[in-house]
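sequence-free structure coming up:
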């Protein structure tokens, strides 16, 4: 990305900016629209939301005049407006992949089944797809990545989210020849497995978040999903189901994140985990077998070894997504993608006692939460990934609070695209 500024300036000068469709005008989508409005050579040309008013507000908050906007669900009108340089707003998600001028589609919905459809539509229509939707990526990312590669487009997670931020550290360390031992993210609060939209409502209101989004942070599901994406991109696995989740600062991190026989908590290396006390940052633990390199690292105040930590103290979520858009469109590179296949899963756990015949909800709801597990273990135990659970999922037998949910315990929507993609992924990868 060293030449990003110059290349975007060139595109701006030539009148050929990267035109982007952003689907979802919530906190992440709105932030992206605003940030992109200040970038030369890149436009939030098409903003799609179920409620057009939210998309309009996103553009208005970025200083874009209403006279420069066109609101339509007609593909013909939208194509004409985009050609004329207008900002377009639509409530039709299918438009994102079909609009002629659009080069990159950004999924900022956070809804697994929406992400699956949006990705497939983008791939089939020759558009690059940028996923802020880790919820979908953790379930069907590997097969979507394969389809994108076959179609000659880029499927990528985003810079600024923790998985993308970790991948920057990972690429840096591996590229320099270091041995990477562990990767992970910070968490800014203790996990409360009983968190739901009601218990977090007041806090969500203060933070201007949807209650179910905040509930997914607090019950740990979001953290588990992000670690799953890290695992599928690097081949690293959770050391234990759900992760250790130690409490540590950066200075003490290498003391904890080492093997048990060395006084740490780990059973093995090449693992992914989370740590309370270093949020909002991400980390990587590395070592080397070269004495001269150890000597230089100590001289450079990286610690006394043998393990060292790389730490990125921030992640700017969708404000960094333009970096990924540029890399995908201009350099045809992914920021992070599930290139290692299906390494881990975020499996489903009952948040409360569930009765036969009851309907579930999904991520950030009242009925279930997620926990990371190695994929081979999850598959052997027939565990359901939480991204397949939604409001149409029916409980087939009584399930106790804290019980891991298997496929035979629930009735899923087998006709949904995300279910079909998951089945294809399990059968072919």
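Perfect, thanks for sending it. Computed from a predicted structure; not experimentally measured.

Tell me where the stretch 1-150 of the chain has helices.
Taking DSSP state H, counting those that start in this stretch to define them, one finds helices in the stretch 1-150 of the chain at 4-14, 27-36, 52-61, 75-83, 95-98, 112-124, 134-151.

For those, give me CSV that also has mean pLDDT and distance to residue 428.
(Each C-beta comes from the backbone N, C-alpha and C, glycine too.) Formatted as CSV, these follow (pLDDT from 0 to 100; distance: least, C-beta to C-beta, whole Å):
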stretch, mean pLDDT, distance to residue 428
helix 4-14, 97, 36
helix 27-36, 98, 31
helix 52-61, 98, 37
helix 75-83, 98, 33
helix 95-98, 98, 24
helix 112-124, 99, 16
helix 134-151, 99, 7
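
Put together JSON lines for those helices, with mean neighbour count and distance to residue 419 on each row.
Listed next are the helices of the stretch 1-150 of the chain as JSON lines, based on neighbours: other C-beta atoms under 10 Å; distance: least, C-beta to C-beta, whole Å:
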{"stretch": "helix 4-14", "mean neighbour count": "14", "distance to residue 419": "38"}
{"stretch": "helix 27-36", "mean neighbour count": "23", "distance to residue 419": "25"}
{"stretch": "helix 52-61", "mean neighbour count": "18", "distance to residue 419": "29"}
{"stretch": "helix 75-83", "mean neighbour count": "17", "distance to residue 419": "28"}
{"stretch": "helix 95-98", "mean neighbour count": "22", "distance to residue 419": "21"}
{"stretch": "helix 112-124", "mean neighbour count": "24", "distance to residue 419": "9"}
{"stretch": "helix 134-151", "mean neighbour count": "24", "distance to residue 419": "9"}
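
right, and the ones you listed - which one's nearest residue 340?
helix 134-151 (8.2 Å; C-beta to C-beta).

export the helices of the stretch 1-150 of the chain to JSON lines and tack on distance to residue 245?
Output for the helices of the stretch 1-150 of the chain, formatted as JSON lines (distance: least, C-beta to C-beta, whole Å):
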{"stretch": "helix 4-14", "distance to residue 245": "36"}
{"stretch": "helix 27-36", "distance to residue 245": "25"}
{"stretch": "helix 52-61", "distance to residue 245": "35"}
{"stretch": "helix 75-83", "distance to residue 245": "46"}
{"stretch": "helix 95-98", "distance to residue 245": "37"}
{"stretch": "helix 112-124", "distance to residue 245": "24"}
{"stretch": "helix 134-151", "distance to residue 245": "18"}
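
all helices of the stretch 151-300 of the chain, in order?
With DSSP H, counting those that start in this stretch applied, the stretch 151-300 of the chain shows helices at 162-175, 201-207, 211-218, 221-234, 253-256, 291-299, listed in chain order.

which parts of the first one are buried?
Residues of helix 162-175 classed as buried under the neighbour-count rule (16 or more other C-beta atoms under 10 Å) are 162, 163, 164, 165, 166, 167, 168, 169, 170, 173.

Who are the packing partners of that helix?
Judged by 3 or more C-beta pairs under 8 Å, 6 or more residues apart in numbering; DSSP states H and E, helix 162-175 is in contact with strand 155-157, strand 179-187, helix 221-234, strand 282-287, strand 308-312.

Can you add distance to residue 387 and give the ones you listed back as JSON lines?
Formatted as JSON lines, the helices and strands packed on helix 162-175 follow (distance: least, C-beta to C-beta, whole Å):
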{"stretch": "strand 155-157", "distance to residue 387": "15"}
{"stretch": "strand 179-187", "distance to residue 387": "19"}
{"stretch": "helix 221-234", "distance to residue 387": "8"}
{"stretch": "strand 282-287", "distance to residue 387": "22"}
{"stretch": "strand 308-312", "distance to residue 387": "26"}
